[in-house]
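> build me a model from this:
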Amino acid sequence: MYRLLRAPLQPVTYSRWLHLCVPLLLLALWLFIDPGAPWMPLLIVVPFGFVPWVRMAEGIQAQFLLAPYERGSAAGTISAEPSARWGDRWRTLLWLETRMLFASVAMCATVWLPVITVDLVGFAFGYRPNEDLDWLLPSSIAPWTAAVLAPLPLVLLMVVVVLLGELITLVAGRLLGPSAAERLTALEARTEQLLERTRIARELHDSIGHALTVAVVQAGAARAAGDPEFTDRALNAIEETGRAALEDLERVLLVLRESAQPASQRPTLAEADRLLESARASGAPVDAELKGRLEKLPGPVTREGYRILQEALTNVLRHCGPVPVRVRVEVAGGRLELEVTNPLPERPFVSRGGGSGLRGMRERAALLGGEAETGPHEGGWRVRALLPLERIR
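Predicted coordinates:
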């Protein structure tokens, strides 16, 4: 009831009324040509239902006039895509026929209800209406009764317009709504977008977090050493790490801005020496063993492997300081095995900051169909990742 009272103040009420009245142009034209066959427009629109672009045109019109509040929304109930399958074409045909029927009802209400109001007002002032309306205004009715009844047809007209508008909007959602294939495509696009955002968040966490960790460790070690030569090496390491982080940040920002410029290649395990030298420059003795043709690894594996190695070394420097680290990267048996081990400090190892880095490593491995393990091992701490190669190829 409240919606009916509020409807005359809503712009969408009148845009829906306009949508209902658009097919009246065809109906009026045909009645002018052949008044004896008012059903003929239902046959005229049949061929148009099978034209793919008609569905798009009807969808755009319905979006603007029936559901303008959904315009631009990813969860809209009305599609604006051309027919891709026969099911879409049949639904478009049914929509055109339904729209013509709704237009006929709207035409009757729009024409006759205001006429009745005019006749009631005329009768109240002493004018006798047409004989066709004797059923409504018998000669015995008092003029004041006609004056009281005069607004009722206009109120009924507004109720009919509101109800027809609501009903045609519901029908449009069913007949012009996204098909199962379109919903699946939209869901896949949304999933890809979320995965891309998650990947960018991981990229920023890994690259920037690694650079800041190296810079903090280097600065602290240089101040504690009090050696000008060591300080110079630390500053060089901070500069190189910061420059690499800026490159990663620039690439990520280009993706976020959807720039047309090509983004630089993400780092791969073929560039693992850069990570190892960065850790060594931070004062951590790194014993590295790299086996296999790392440059021949599939793109997803080598890129995610690089990030896992980067996060593992970052965690060592962040939580344990410059302790000895053993790194083993091996390609064998149709998989990539990556292992980073280090001794624990005297105080218990505590993963501060909620463990997002460890969780990120496990998620990276899981996305490739592999697995990553992190935890205590033989009195130290180990990160071990197994990434399959065959299914990626």
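> so what's the nearest residue to residue 178 once chain neighbours are set aside up against?
Excluding the flanking residues, the one nearest residue 178 by C-beta to C-beta, 6 or more residues apart in numbering is residue 79, at 4.5 Å. Backbone N, C-alpha and C define where each C-beta goes, glycine included. Going by C-beta atoms under 8 Å, 6 or more residues apart in numbering, residue 79 touches 55, 59, 176-179, 182.
> now, which of these sits nearest residue 144?
The shortest approach to residue 144 among the contacts of residue 79 belongs to residue 176, at 48.7 Å (C-beta to C-beta).
> ok, how many other residues are close to that closest one?
Counted by other C-beta atoms under 10 Å, the residues lying close to residue 176 total 25.
> next one: residue 182
Counted with other C-beta under 10 Å, residue 182 comes out at 15.
> I figured it hits residue 83, correct?
No: applying C-beta atoms under 8 Å as the test, residue 182 and residue 83 come out as separate, 10.7 Å apart.
> against residue 367, how distant is residue 313?
For residue 313, the distance to residue 367 equals 21 Å [C-beta to C-beta, to the nearest Å].
> between these two, which is the more surrounded one?
Higher neighbour count among residue 313 and residue 367: residue 313, with 26 against 14, using other C-beta under 10 Å.
> if we ignore the residues flanking it in sequence, what's nearest that one?
The nearest residue in space to residue 313 (C-beta to C-beta, 6+ apart) is residue 279, at 4.9 Å.
> how about the contacts made by the one you found?
Here residue 279 is in contact with 214, 286, 313, 316-317, 325 (C-beta under 8 Å, 6+ apart).
> same question for residue 113.
So residue 113 contacts 153-154, 156-157, 160 (C-beta under 8 Å, 6+ apart).
> can you put those residues in JSON lines and add distance to residue 15, pLDDT and neighbour count?
As requested, those are exported to JSON lines (distance: C-beta to C-beta, whole Å; pLDDT from 0 to 100; neighbours: other C-beta atoms under 10 Å):
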{"residue": "153", "distance to residue 15": "23", "pLDDT": "87", "neighbour count": "20"}
{"residue": "154", "distance to residue 15": "19", "pLDDT": "87", "neighbour count": "13"}
{"residue": "156", "distance to residue 15": "21", "pLDDT": "89", "neighbour count": "14"}
{"residue": "157", "distance to residue 15": "17", "pLDDT": "89", "neighbour count": "19"}
{"residue": "160", "distance to residue 15": "16", "pLDDT": "89", "neighbour count": "18"}
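> closest one of the residues you listed to residue 248?
For these, the nearest to residue 248 is residue 160 (62.7 Å; C-beta to C-beta).
> where does that closest one fall, secondary structure wise?
Using DSSP states H and E, residue 160 falls within helix 151-175.
> contact partners of that helix?
Contacts for helix 151-175 (C-beta under 8 Å, 6+ apart): 3-4, 7-8, 12-13, 16-17, 19-20, 62, 66-67, 77-78, 91-92, 94-95, 98-99, 102, 105-106, 109-110, 113-114, 116-117, 120.
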